[in-house]
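>>> generate a structure from the sequence data that follows.
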Amino acid sequence: MTTNIRPLLVELLTEELPPKALQKLGQAYAEGVRATLDRHGLLARGCAVTAYSTPRRLAVHLSAVLAQAPDQPYAEKLMPVKIGLTEDGKATPALQKKLAAKGLENIDLSTLDRESDGKQDYLVARGTAAGALLAAGLQEGIDAAIDGLPIPKVMRYQLADGVTTVKFVRPAHGLVALFGADVVPVSALGLSAGRDTLGHRFMSQGPVSFADADSYAATLAEKGRVVASFEGRRDEIQRQLLDHAGRLSATLGDDPEVAALLDEVTALVEHPAVYVGQFEEQFLQVPQECLILTMRLNQKYFPLFDPATGRLTHRFLIVSNMHTDNPVNIVEGNQRVVRPRLADAQFFFETDRKTPLAARVEQLGSIVYHNKLGTQLERVERVRAIARGVAGQLGGDVSAADRAAMLAKADLGSNMVGEFPELQGIMGAYYAAGDGEPDSVVQALRGQYRNRYDAPVTQDTLTAATLFIAERVETLVGIWAIGLAPTGERDPFGLRRAALGLISAFEQLAAGGWLKISQDGPLSLNGLLELAAGTFPAGKIPADTLPEVRAFIYERYRNQLINDFDRNAVEAVIALTPPLHQVAERVRAAAAFAQLPEAASLAAANKRIGNLLKKAEGEIGAVNDGALVEPAEKALAAAVSALRPKAEAQLAAGDFAGSLSTLAQAREPVDAFFADVMVMAEDPAVRANRLALLSQLHGLMNQVADISRLAQ
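Residues are numbered from 1 along each chain as shown. Just a heads-up that it's a prediction; the model follows:
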C-alpha cells in the first residue's frame with residue numbers, strides 16, 4: 001500500500017428495495033458503516049461520508065479511511081491482588097485464565113500495576129494495543145449496518161448453496177468493497193466482496209467494474225446508466241418535471257402530495273426520464289380530486305394544472321426508468337393503463353349521483369363505528385345533537401348545522417368512497433351540491449376531515465366550523481370513555497389530532513369575534529364536553545372522562561405552544577386552565593411580562609407567597625387594615641387596593657398584557673415587604689393578618705397566569 005489513508009466504497013447490490021423506505025435505508029446503511037469505523041479509530045480527520053441508494057443498491061463512500069487505526073493505550077482492571085497472586089507472587093489459576101481471555105497470557109507479572117478502589121488493591125494491566133485493521137473493522141461495520149437497517153419487513157431466502165438461509169429486506173446479489181483501488185476481503189449475506197456490480201437492468205451494457213473507490217458514482221452513471229445518489233435523482237426528476245410543465249404552460253400543483261410523490265418515484269427509478277401523457281378531456285367532468293388521486297396513488301403520475309384557474313388539465317407527466325429517443329411506446333402504454341382507471345372513476349361518480357345523498361343516511365345503520373359505541377348512524381345522531389347545541393350557542397343556523405351533521409357520513413356507502421376512502425367528505429360535498437343542498441352544508445361536508453380549522457369563521461362558514469367542532473368533541477369523549485385514550489406512540493383514533501383540531505376551531509372563533517377574548521361564553525370547553533357527554537346513553541360516560549379529556553386538550557395545547565413561545569410562559573398560563581380561546585393571548589402577555597425588569601422579582605415573590613400559603617393553618621380570612629403595624633405591610637396593602645381595580649378591569653376587557661403591566665407596579669412594595677416584615681410572626685393575629693394580605697396579593701398576581709412559574 002502506498003499510503004495509509006484512502007477513500008473507501010462499500011456497495012450492496014440487491015433486488016428491488018421497498019420504495020417508501022429506500023431513503024432511510026440508504027442513510028441507515030451509511031451511518032452503520034461510518035459509526036463502526038469511527039469507533040475503531042479508522043476514520044481520518046475530515047472524512048466525508050456520502051450515502052447512495054437506488055432501487056437495487058445501498059452504498060456508502062468515505063473520503064478518508066485508515067488501513068490501520070493508530071495504536072491505542074489500554075488499562076485492563078483484572079482482579080483483586082489477593083485473588084490473582086499467591087503468597088509468593090505467582091499467578092493463580094484464576095489470573096492465568098483471565099489473562100488468557102484478554103490475550104495477555106505472555107505478560108510479565110512484574111509489569112502489572114496495583115491500584116486501590118478504597119477497599120482493596122487490584123491488579124491492572126497497562127500497555128499499548130495495535131490499532132484495528134480495516135478489514136476487521138469494515139466486516140464488523142457491514143454486519144452492524146445490515147443488522148441496524150430499519151427494515152419494514154424481513155425476507156428469508158436460501159443462498160446459492162441450497163442449504164444456507166439468510167434474512168434481509170430483499171435478496172442480495174453482489175458486494176463491492178474498495179479501499180482505494182484494492183478490494184477489501186469482507187463478506188455479507190453469503191457474498192464475498194469484489195469490484196464488480198450490475199448497472200441499469202435494461203440500459204447497462206453488462207457488469208460494471210470500478211477501478212477505485214472514488215470512481216464509483218461516475219463509472220456507475222457512465223457505464224451502468226445509474227444515478228447512484230438519491231438526492232441527485234430527485235433533483236434531476238424535479239428539473240425535468242418543471243421543464244415539461246413550463247413548456248406546456250402548466251404547473252405541478254402546490255399541495256404536499258407533490259413532494260411525497262417526488263420522493264416515491266425517486267425510489268422507483270435508477271435512470272429517470274420524464275415523458276408527457278394525456279387522457280380524453282371528457283374525464284374532466286369527474287371531480288378532479290378523483291382523477292388526481294388515481295393518477296398519483298395508483299399510477300405515480302404527476303397531474304398538470306392550469307396556472308390561472310388551478311384546475312386539472314388532461315395532461316400528466318410520467319417518470320420512467322428508461323430513457324429513449326422515441327418514447328411513443330412508453331407514453332401510449334401508460335395512457336392505456338390509466339384510461340380504464342379514469343373510466344372506473346367516471347362510472348362510480350355517475351352511478352353514485354343517481355342516489356341522493358340524504359337517501360344514503362339510512363345505510364349508516366349497517367356500518368359499525370365501534371362495537372362499544374354502535375353504528376355510524378348512531379354516531380351521526382350524536383354529532384347532530386352536538387352541532388345543534390353549538391350552533392344555538394353561537395347564534396348560527398341550527399337547521400343547517402343539523403343538516404350538515406346528518407349528511408356528514410352519508411358518502412361512506414358510495415361507490416367512489418368505497419374505491420377511494422381518501423375522498424371521504426370531498427365526495428359527500430360534490431353529491432350534496434348536485435342535490436341542491438345549501439352552500440353552507442356543502443362547505444361543512446368538504447372541510448370536515450381537515451386536520452386544523454385554519455379558515456376565518458364568518459356567517460357563511462359558521463356551519464362548517466360547527467360540524468368540525470361537533471365531530472371532534474364526540475370523538476374525544478366517546479373514544480376516551482371506552483378506554484382507548486392515547487398511549488405512547490399509539491393513537492389509532494387520532495385523539496391528539498382531534499384535540500388540536502378543536503383548539504384551532506376555538507382560535508378561529510375567537511379571531512372572528514364569535515368568542516370574545518374578554519369572556520368565557522357563549523361557548524366554553526366545559527360546556528361543550530358536557531353537551532357531548534349528554535348525547536351518549538346514560539351511564540356510558542365514566543365520571544372521570546370529562547376531566548381527563550379536558551386535561552388532555554390543555555396538554556396538547558401546551559405541547560403545541562412551547563414550539564413558539566417560552567416554555568415558562570406557556571406553563572404559567574396552562575396551570576390556570578383559562579378559557580380555551582384565551583390561552584394563546586395570555587401566553588403572549590406572560591411572555592412579554594417575563595421580559596420586564598420587575599418580572600423576576602415578582603415571580604420569585606409569588607412563588608414564596610404560594611409556599612407560605614400552603615403552610616398556613618386554618619382558613620385565611622380578610623385583611624384587617626387596622627391590624628397592620630409595619631410601614632412596609634401598610635404600603636403593600638395600599639398598593640394592592642390601588643392596583644386591583646385597574647388590573648381586574650383590564651382582565652375583564654381581555655387586555656392581559658395591560659393587566660400584567662399594572663401588576664408590575666407592585667414590585668417595590670412587594671420587595672420592601674419581604675425585606676422588612678416577618679410574615680410568620682409569633683403573634684397569631686398578626687401572622688393571620690399578614691397571610692391574608694399575601695393571599696390577596698397572590699390572587700391579584702395570578703389572574704392572567706401563575707407567574708411563580710416564570711421563576712423556574
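
>>> so the residue with the largest distance to the centre of the chain, which of the three states?
Ranked by distance from the centre of the chain (Cα atoms, centre = their mean), the top residue is Asp88, with 66.2 Å. Assigned with DSSP: H, G, I helix; E, B strand; the rest coil, Asp88 falls in the coil class.

>>> try Tyr122
Reducing the assignment at Tyr122 to three states with three-state DSSP gives strand.

>>> contacting residues around it?
Lys77, Leu78, Met79, Pro80, Val81, Arg114, Glu115, Ser116 (Cβ atoms under 8 Å, 6 or more residues apart in numbering). For the C-beta atoms, the positions are set from N, CA and C on the backbone; glycine is no exception.

>>> which of those residues lies closest to Gly413?
Lys77 (72.6 Å; Cβ to Cβ).

>>> direction included, what does the helix or strand that contains that closest one pair against?
When secondary structure is defined using DSSP states H and E, the element that contains Lys77 is strand 72-80. Here strand 72-80 has these sheet partners by DSSP bridges: strand 121-129 (antiparallel).

>>> now the helix or strand that the partner strand is followed by: buried residues?
Toward the C-terminus, strand 121-129 is succeeded by helix 134-147 as the next helix or strand (DSSP H and E). Within helix 134-147, the residues that qualify as buried are Leu134, Ala135, Gly137, Leu138, Gln139, Glu140, Gly141, Ile142, Asp143, Ala144, Ala145, Ile146, counting by 16 or more other Cβ atoms under 10 Å.

>>> check the gap between the third one and Gln68 for me.
So that's Gly137. 9 Å (Cβ to Cβ, to the nearest Å).

>>> and for the fourth one?
Distance, Leu138 to Gln68, by Cβ to Cβ: 12 Å.

>>> quickly list what's touching both of these two.
Common neighbours of Leu138 and Gln68 are listed as Leu42 (criterion: Cβ under 8 Å, 6+ apart).

>>> low-confidence ranges in the stretch 301-450 of the chain?
Confidence mapping of the stretch 301-450 of the chain against pLDDT under 70 gives zero matching residues.

>>> neighbouring contacts of the strand holding Lys77?
The contact list for strand 72-80, computed with Cβ under 8 Å, 6+ apart, reads 41, 84, 94-95, 98-99, 102, 104, 112, 115, 120-129, 131.

>>> of those, buried ones?
A residue is treated as buried here by neighbour count (16+ other Cβ under 10 Å); on that basis the buried members of the contacts of strand 72-80 are Gly41, Gly84, Leu95, Lys98, Leu99, Leu112, Tyr122, Leu123, Ala125, Gly131.

>>> all strands for the stretch 151-300 of the chain, in order.
Ranges of strands in the stretch 151-300 of the chain, per DSSP state E, counting those that start in this stretch, are 155-158, 165-168, 172-179, 182-183, 187-188, 191-192, 196-198, 207-209, 273-278.

>>> elements contacting the longest one?
I take that to be strand 172-179. Packing partners of strand 172-179 (3 or more Cβ pairs under 8 Å, 6 or more residues apart in numbering; DSSP states H and E): strand 5-14, helix 134-147, strand 187-188, strand 191-192, strand 196-198.

>>> alpha carbons of it, in PDB - could you do that?
Listed next in PDB are the C-alpha coordinates belonging to strand 172-179 (Å, rounded to 0.1, in the frame of the first residue of the first chain):
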ATOM      1  CA  ALA A 172     -28.700  -9.600  -2.200                       C
ATOM      2  CA  HIS A 173     -26.700 -10.500  -5.300                       C
ATOM      3  CA  GLY A 174     -23.400  -8.600  -5.000                       C
ATOM      4  CA  LEU A 175     -20.900  -6.900  -2.700                       C
ATOM      5  CA  VAL A 176     -18.300  -4.300  -3.600                       C
ATOM      6  CA  ALA A 177     -15.700  -3.100  -1.100                       C
ATOM      7  CA  LEU A 178     -12.800  -1.000  -2.400                       C
ATOM      8  CA  PHE A 179     -10.100   0.700  -0.300                       C
END
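
>>> so Leu476 sits against Val549, correct?
Yes: counting by Cβ atoms under 8 Å, Leu476 touches Val549, with 5.2 Å between them.

>>> and the strand holding Lys77, what's its mean pLDDT?
Averaged across strand 72-80, pLDDT comes to 80.

>>> neighbouring contacts of stretch 324-335?
Under the criterion Cβ under 8 Å, 6+ apart, residues Ala273, Tyr275, Val276, Gly277, Gln278, Phe279, Gln299, Tyr301, Ile318, Ser320, Met322 lie in contact with stretch 324-335.

>>> next structured bit after the strand holding Lys77?
Helices and strands here follow DSSP H and E; after strand 72-80, the next one along the chain is helix 81-84.

>>> just the buried ones out of the contacts of Tyr122, please.
For those, burial is judged from neighbour counts taken by 16+ other Cβ under 10 Å, and it is met by Leu78, Val81.

>>> and of the contacts of Tyr122, the nearest to Gly224?
Comparing every one of the contacts of Tyr122 with Gly224 (Cβ to Cβ), the shortest separation belongs to Lys77, at 52.7 Å.

>>> need the longest helix for this protein.
Ordering each helix of the chain by length in residues (DSSP state H) puts helix 328-352 first.

>>> which residues of this protein score low on pLDDT?
Where the chain drops to pLDDT under 70, the residues are 1-3, 520-521, 618, 712.

>>> quick check: the residue nearest to the spatial centre of it vs Arg496, distance?
Using Cα atoms, centre = their mean, the residue of the chain that lies closest to the mean C-alpha position is Glu489, 10.4 Å off. Shown here: Glu489 relative to Arg496, a distance of 10 Å by Cβ to Cβ.

>>> what do Leu476 and Val549 both touch?
Each of Leu529 lies in contact with both Leu476 and Val549 under the rule Cβ under 8 Å, 6+ apart.

>>> show me what contacts the residue lying closest to Asp143 once chain neighbours are set aside?
Beyond its immediate neighbours in the sequence, the residue positioned closest to Asp143 (Cβ to Cβ, 6 or more residues apart in numbering) is Ala188, lying 7.1 Å away. With Cβ under 8 Å, 6+ apart as the criterion, the residues that contact Ala188 are Leu12, Ile142, Asp143, Ile146, Ala172, Leu175.

>>> next: Glu489.
Counting by Cβ under 8 Å, 6+ apart, Glu489 touches no other residue.

>>> ok so, going back, show me the two of the contacts of Ala188 that sit farthest apart.
When these are compared pair by pair using Cβ to Cβ, the two farthest from each other are Asp143 and Ala172, 13.2 Å apart.

>>> tell me which stretches of the stretch 451-600 of the chain form helices.
Under the criterion DSSP state H, counting those that start in this stretch, the stretch 451-600 of the chain contains helices at 462-481, 495-511, 525-533, 545-561, 567-574, 583-594, 599-615.

>>> now those helices in JSON lines, with mean neighbour count and distance to Pro438?
Shown next, in JSON lines, are the helices of the stretch 451-600 of the chain (neighbours: other Cβ atoms under 10 Å; distance: least, Cβ to Cβ, whole Å):
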{"stretch": "helix 462-481", "mean neighbour count": "26", "distance to Pro438": "8"}
{"stretch": "helix 495-511", "mean neighbour count": "21", "distance to Pro438": "21"}
{"stretch": "helix 525-533", "mean neighbour count": "20", "distance to Pro438": "24"}
{"stretch": "helix 545-561", "mean neighbour count": "18", "distance to Pro438": "31"}
{"stretch": "helix 567-574", "mean neighbour count": "23", "distance to Pro438": "39"}
{"stretch": "helix 583-594", "mean neighbour count": "22", "distance to Pro438": "32"}
{"stretch": "helix 599-615", "mean neighbour count": "17", "distance to Pro438": "52"}
